[in-house]
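Novice: Give me the fold of what follows.
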Amino acid sequence: MTTRAGTTRPGAVLPLLRTAHIGPSVAVTTVVALLALALDLPGARAVAVTSAVFTGQLTVGWGNDLLDVERDRVAGRADKPLANGELAPSVVRRCLVVAAVACVVLSLLAGWRSGAVHLVVLVAFAHPYNYYFKATPWSWLPYAVAFGSLPAIVGLADRPSQWPATWMVAAAAMLGIAAHFLNALPDLADDAATGVRGLPHRLGAARSRLVATALLVLASVVAVLGPAGAPATWAWAVLGVVGALAAIALVGTGRRPFHAAVAIALVDVALLAVVAA
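Specialist: Residues are numbered from 1 along each chain as shown. Below is the predicted model:
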């Protein structure tokens, strides 16, 4: 909410965070923070690259809800602060501009190579998802590109900069596509009712869950077998856990499949961080 002078009230903080899709934003930022820790980035650069990604994700989330406000109202999304009147669009626009400026500055502080990949590949590719891709069969592509670029964003922030291994980029991209399917599952009906028909909507809930699970398992296998040398014993044990979770994701009932798939995603993030070290 805002005052008559247009300033943001303290009570608007939580609605602003919800409008920014804070869960996915924090998830992506956590992946970057773990990779920065695994690669032993200098403290200042680790903070800069992690903060840059977080502010970039804020712009994507706020941009998404600003574009979808009318669609969310039609769908009766009471959980959307812009649609239910908790927030004024002008407040979100101002926050988006501040976050965008911070994103550019922080990206450059992380190093021009890392900053260029972040701004040109991740952020500049994520916003077209909101404008165009989300309603097409190519809805998965921005997620693949964005997540696949994360290891490069972190590696190029190091001194000397280092380009990530192909297997790491592939695993991160598969994790991103799976995240797209998992993120879309709860909103399939509302999205379809307002004309959004991305790939998950075209495949349906059952097949989307299958695709997400398969990609998560494959990402786990790539993370274990990708690095040079024989996998450690613990890595094989992790794959066993992933297999068990995949079985729950495929044949479980209620919310168990979704929770199992999310658990595999968390395992994959931990695997990427550990093997990158």
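Novice: Which residues are in contact with Val222?
Specialist: Each residue near Val222 by C-beta atoms under 8 Å, 6 or more residues apart in numbering is listed here: Trp167, Ala170, Ala171, Met174. (C-beta placed from N, C-alpha, C; glycine too.)
Novice: now the second one: how far from His201?
Specialist: Going from Ala170 to His201 by C-beta to C-beta, to the nearest Å gives 26 Å.
Novice: quick one: what helix or strand has Arg45 in it?
Specialist: helix 43-67 (DSSP states H and E).
Novice: What are the buried residues along that helix?
Specialist: Residues of helix 43-67 classed as buried under the neighbour-count rule (16 or more other C-beta atoms under 10 Å) are 45-65.
Novice: And for stretch 200-217?
Specialist: 200-201, 203, 205, 208-217.
Novice: Would you map out the domains in the chain?
Specialist: Domains of the chain are assigned by automatic domain parsing as 9-162, 165-277.
Novice: Would you format those as CSV with mean pLDDT included?
Specialist: Output for the domains of the chain, formatted as CSV (pLDDT from 0 to 100):
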stretch, mean pLDDT
domain 9-162, 92
domain 165-277, 89
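Novice: of the contacts of Val222, closest to Ser161?
Specialist: For the contacts of Val222, the minimum distance to Ser161 (C-beta to C-beta) is 18.9 Å, reached by Trp167.
Novice: The closest one: neighbouring residues, count only.
Specialist: The number of residues packed near Trp167 is 17, by other C-beta atoms under 10 Å.
Novice: elements contacting the helix or strand containing it?
Specialist: Assigned by DSSP H and E, Trp167 belongs to helix 166-184. Where contact means 3 or more C-beta pairs under 8 Å, 6 or more residues apart in numbering; DSSP states H and E, helix 166-184 is packed against helix 22-38, helix 141-155, helix 199-203, helix 205-225, helix 256-276.
Novice: ok and that helix relative to helix 205-225, angle-wise?
Specialist: Angle of helix 166-184 versus helix 205-225, following axes from the mean of the first three to the mean of the last three C-alpha atoms, to 10 degrees, is 160 degrees.
Novice: Give me the next element, helix or strand, following helix 166-184.
Specialist: Next element after helix 166-184 (DSSP H and E): helix 188-193.
Novice: Could you list every helix and strand that that following helix packs against?
Specialist: Judged by 3+ C-beta pairs under 8 Å, 6+ apart, helix 188-193 is in contact with helix 199-203.
Novice: Nearest to Gly226, out of the buried residues of stretch 200-217: which one, please.
Specialist: Using C-beta to C-beta, the buried residues of stretch 200-217 come closest to Gly226 at Val217, 14.3 Å.
Novice: got the phi/psi numbers for Leu87?
Specialist: phi -130, psi 140 (degrees, to the nearest 10).
Novice: cool, Leu17 as well?
Specialist: According to degrees, to the nearest 10, Leu17 has phi -70, psi -40.
Novice: contacting residues for it?
Specialist: No contacts exist for Leu17 under C-beta under 8 Å, 6+ apart.
Novice: Check Ala235 too.
Specialist: Counting by C-beta under 8 Å, 6+ apart, Ala235 makes contact with Val224, Leu271, Val275.
Novice: Okay, the closest residue in space to the first one that isn't next to it in sequence and Leu245: tell me how far apart.
Specialist: So that's Val224. Spatially, and ignoring its direct neighbours in sequence, Val224 is nearest to Ala235 (4.6 Å; C-beta to C-beta, 6 or more residues apart in numbering). Distance, Ala235 to Leu245, using C-beta to C-beta: 16 Å.
Novice: ditto for Val251
Specialist: Taking C-beta to C-beta, one finds Val251 at 12 Å from Leu245.
Novice: got JSON lines for the helices and strands packed on helix 166-184, with distance to Ala178 too?
Specialist: Below are the helices and strands packed on helix 166-184 laid out as JSON lines (distance: least, C-beta to C-beta, whole Å):
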{"stretch": "helix 22-38", "distance to Ala178": "12"}
{"stretch": "helix 141-155", "distance to Ala178": "9"}
{"stretch": "helix 199-203", "distance to Ala178": "11"}
{"stretch": "helix 205-225", "distance to Ala178": "4"}
{"stretch": "helix 256-276", "distance to Ala178": "6"}
